[in-house]
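> Need the 3D shape of this:
(2 chains)
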Amino acid sequence: EADIYQTPRYLVIGTGKKITLECSQTMGHDKMYWYQQDPGMELHLIHYSYGVNSTEKGDLSSESTVSRIRTEHFPLTLESARPSHTSQYLCASNSGTETGELFFGEGSRLTVL
Amino acid sequence: AQSVTQLGSHVSVSEGALVLLRCNYSSSVPPYLFWYVQYPNQGLQLLLKYTSAATLVKGINGFEAEFKKSETSFHLTKPSAHMSDAAEYFCAVSPLGYQKVTFGTGTKLQVIP
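Numbers count the residues shown, from 1 in each chain, chains lettered A, B, ... in the order given. Down below sits the predicted model:
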């Protein structure tokens, strides 16, 4: 069982609100990722980090931002949520070994009204 | 660049029947290949991975997959479906294991009693 945790699991908010999705892992992994998942679509990488103070944008453009101040913590923030941000957000990590197995959290389902 | 194609967004099988989920990939370099499973309201969990050690890969819960370079395929099979196998299955590819992983669009497996 992977030790990677996401909160909140479900969030319903109004347009214009600021939200932060939390992601923490206790495996000491340097590499962490945020994916966006919509029904019938592939998982899209929106942010990744290869270590503390290192963050990069992924393949899918996103208005969200991330930070990596501690190895175990990789929060995602939306300054002003819009209905187009409604989606499931999955956090993942790996140890950086060549095989690249990803460990996923249970996801945060965001609904913006 | 790499990509993954999963044939069939929905597959239905009877309990006890063979499960076959199809995945074709493209990669400019020899790939690492993965199958992940996602149960309802959960994150993704690794089922199995191909890392060039053996072309027939065995995973958890009785699943296995065969890497066929000539067909650029990595189909997932299980001899006898169980009700607990109902989930969504994602094929994924990475040219080097620790690089960014590209996922397919997923196949939802329904098991009929």
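> Could you use CA atoms for every contact and neighbour count after this?
Fine.
> To what extent is the nearest residue to B:L76 once chain neighbours are set aside buried, counted in neighbours?
Using C-alpha to C-alpha, 6 or more residues apart in numbering or on different chains and skipping residues adjacent in sequence, the residue nearest B:L76 is B:A65, 4.5 Å away. Residues contacting B:A65 under the criterion other C-alpha atoms under 10 Å in any protein chain shown number 27.
> residues contacting B:A65?
Neighbouring residues of B:A65 by C-alpha atoms under 8 Å, 6 or more residues apart in numbering or on different chains: B:48, B:56-58, B:74-77.
> ok, 10 Å please
For B:A65, the contact set (C-alpha atoms under 10 Å, 6 or more residues apart in numbering or on different chains) comprises B:20-23, B:33-35, B:47-50, B:55-59, B:73-78.
> At which residues are the strands of chain A located?
Taking DSSP state E, the strands of chain A run over residues A:4-7, A:10-13, A:19-25, A:31-37, A:44-51, A:54-57, A:65-66, A:76-78, A:87-94, A:103-104, A:108-112.
> who does residue 12 bridge with?
No chain specified, so I'll use chain A. A:T111 (DSSP bridges).
> let's do chain B instead
Here B:S12, judged by DSSP bridges, has bridge partners B:Q110.
> what about the residue nearest in space to the middle of chain B, helix or strand, and which?
The residue lying closest to the centre of chain B (C-alpha atoms, centre = their mean) is B:W35, at 3.5 Å. Using DSSP states H and E, B:W35 sits within strand B:32-38.
> near chain A at all, that strand?
Yes. Remark: strand B:32-38 sits within contact range of chain A at B:32-34, B:36, B:38, by C-alpha under 10 Å from any C-alpha of the partner chain.
> Between those, identify the one with the most neighbours.
Comparing the residues of strand B:32-38 next to chain A by number of neighbours (other C-alpha under 10 Å), B:L33 comes first, having 30 neighbours.
> residue contacts, it?
A:99-101, B:4, B:23, B:25, B:48-52, B:65, B:67, B:73-74, B:91-97, B:101-103 are the contacts of B:L33 under C-alpha under 10 Å, 6+ apart.
> Nice, that's everything, thank you.
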